[in-house]
Every structure is written in C-alpha cells, then in structure tokens.
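Chemist: Please find the sequence and the predicted model below.
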Amino acid sequence: QVQLVESGGGLVKPGGSLRLSCVVSGINNIDELTMSWYRQAPGAPGKQRELVARLDRSDGNYADSVWSRFTISKNVVRNTVYLQTNSLEPDDTAVYYCNTIIGPRTYWGQGTQVTVSS
C-alpha cells in the first residue's frame, strides 16, 4: 500500500525558510515517479489545491508564485521528496501536500501546515 507522509511545516517569520519532507512507502524506488507538492490556503477547504512544484525525473517545474524561492528535490535512497522553501511570505501560508500518480490512482499525504507570520 502506497503512503505519503509529510513533515517539516511550522510557524516562520516572513523571509524565513522551511524544508518540507515527504516520505514515500509501499514503493521500492521513487526515481521513476513524478512527484508533486500542492498547497491549500486556510479557510478555503473547497478551493482547488494549487500546484506548487513538480519533479519529473530530474526536471523541476514551479508555479510562478514560488519561482526562484522554492526548490523540489528527492533522495531515492531514502524514498523522500523535499521542498525547500526560502524567502517565505504571508501568502505562502497553507497546508502543503505531497502527491503522486501511479497508474489510475492518485495518492496524497495528510499535509503539513506552513504558517508565515510576524
């Protein structure tokens, strides 16, 4: 059974940084997978989740809103995907979710809260 577990969120001041982690279990090697990070702003449970970053093999793609501030990477030995977030802004406040698609199924983690506030 494939599971994604995020961690690393927290409260940070504007301009600060956090590294989010997503551990993938139930898969021997994540190297072949396309891994993504999404986020959902607070108070908007029905709002569509925003794609923040996607890693396809070694190619990273980013939303315009996070370009040059966020970096997605992976460690295939640890079956872990990371999202390094720098120069955080209040508008980055959201629950961040890890995501992958395997065949017909879409998998999500439980999310990790990032709050940017002074």
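Modeler: That came through fine.
Chemist: Report the contact partners of residue 5.
Modeler: Residues touching residue 5, when contacts are defined by CB atoms under 8 Å, 6 or more residues apart in numbering, comprise 22, 23, 25, 109, 110. Every C-beta, even on glycine, is put in place using the N, C-alpha and C of the backbone.
Chemist: any idea how far it lies from residue 25?
Modeler: Distance check for residue 5 against residue 25: by CB to CB, to the nearest Å, it reads 7 Å.
Chemist: Low-confidence regions, the protein specifically.
Modeler: In the prediction, the chain carries residues with pLDDT under 70 at positions 44-47.
Chemist: Go ahead and confirm residue 74 touches residue 84.
Modeler: No - between residue 74 and residue 84 there is no contact under CB atoms under 8 Å: 11.8 Å.
Chemist: Who has more neighbours out of those two?
Modeler: Each of residue 74 and residue 84 has its neighbours counted (other CB atoms under 10 Å); residue 74 has more, 20 against 15.
Chemist: can you give me phi and psi for the residue most central in space within the chain?
Modeler: Using CA atoms, centre = their mean, the residue of the chain that lies closest to the mean C-alpha position is residue 37, 3.0 Å off. Here is the backbone geometry of residue 37 (degrees, to the nearest 10): phi -120, psi 130.
Chemist: Any idea what it is bridged to?
Modeler: residue 53, residue 98 (DSSP bridges).
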